[in-house]
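[1] Return atomic coordinates for the entry below.
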Amino acid sequence: MSLFPAILVLTAVVLVDGLSAQSAFRSDVVPVPVQLGVMSRCPDALVCESIFDQVLKQVGSKINLTLIYVANVNATEPEFGITCMHGPRECAGNVQQLCAAKYSTQWWDFVQCQNQQGRFQVGLPDVALECAKTAGIDWQTSGVGMCAGLDGSGNGAEGVELLRESLFLGKALGIEKSCTILINHKKVCVHDETWQECDGGHGVDDFVKQINREYERINGVLSQ
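    Numbering: from 1, shown residues only. Prediction:
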């Protein structure tokens, strides 16, 4: 009798880098939702985004990272109809980042480029256009420019509507401060001048551990 059928049966239950072979070949693996409640010119946001730049290098394939913006609807605000804590240019930065996220897979590189210029540069048209080039985004043809404003202004109609939707989502999720970190829709940490409410820790390895745990739970993966 051939040994090949027995070998095939055994390979169905071996572990591959901590995953069952059955899970390793699934096409329906679900990434962990990770949301950062931020303001694009907020120093606390830059702290969180710097941390998650390192987190992404370790577990980027396991998460769906989104930024949710903290602001308030204000019908009397002439440019955006929204009041952003750090002024209108922050609203513009929020819009630029939302449009990049909608239309480009390089959106995170775009955000990081803006942050590297310093928070008071976020939202400026020339910085947005330059960071689009740095991130490999064609501002004119990718859809980002039409969304945010072809001139880089950040006041494009679609982008402003995305910002309104984002701030309503943030309120529905109970996000009140920048920066608030949610993993699988659960608040796990806040940075508001200092780290707060971080029962699972606030370092890169702490967030990686929490994400891995949620990934295993969501997808029924065997723990190592």
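[2] CA atoms for contacts and neighbours, from now on please.
    OK.
[3] Helix or strand: which one has Thr134?
    Assigned by DSSP states H and E, Thr134 belongs to helix 125-135.
[4] Next, count neighbours for the nearest residue to Gly203 once chain neighbours are set aside.
    Distance criterion Cα to Cα, 6 or more residues apart in numbering; nearest residue to Gly203, sequence neighbours excluded, is Ile51 at 7.4 Å. Counted by other Cα atoms under 10 Å, the residues lying close to Ile51 total 16.
[5] Would you quantify the distance from Ile51 to His202?
    Distance, Ile51 to His202, using Cα to Cα, to the nearest Å: 9 Å.
[6] And the helices in the protein?
    Remark: helices assigned in the chain by DSSP state H are 4-11, 21-24, 43-59, 88-103, 107-116, 125-135, 144-148, 157-172, 204-219.
[7] Pull out the buried residues from the helix holding Thr134.
    Across helix 125-135, burial judged by 16 or more other Cα atoms under 10 Å covers 125, 127-132, 135.
[8] For stretch 195-206, what is the spacing between the initial and final residues?
    Using Cα to Cα, the two ends of stretch 195-206 sit 13 Å apart.
[9] Repeat that for stretch 189-196.
    End-to-end distance of stretch 189-196 (Cα to Cα): 6 Å.
[10] Of all the helices of the chain, which one is nearest Glu77?
    Among these, the nearest to Glu77 by Cα to Cα is helix 88-103 (9.1 Å).
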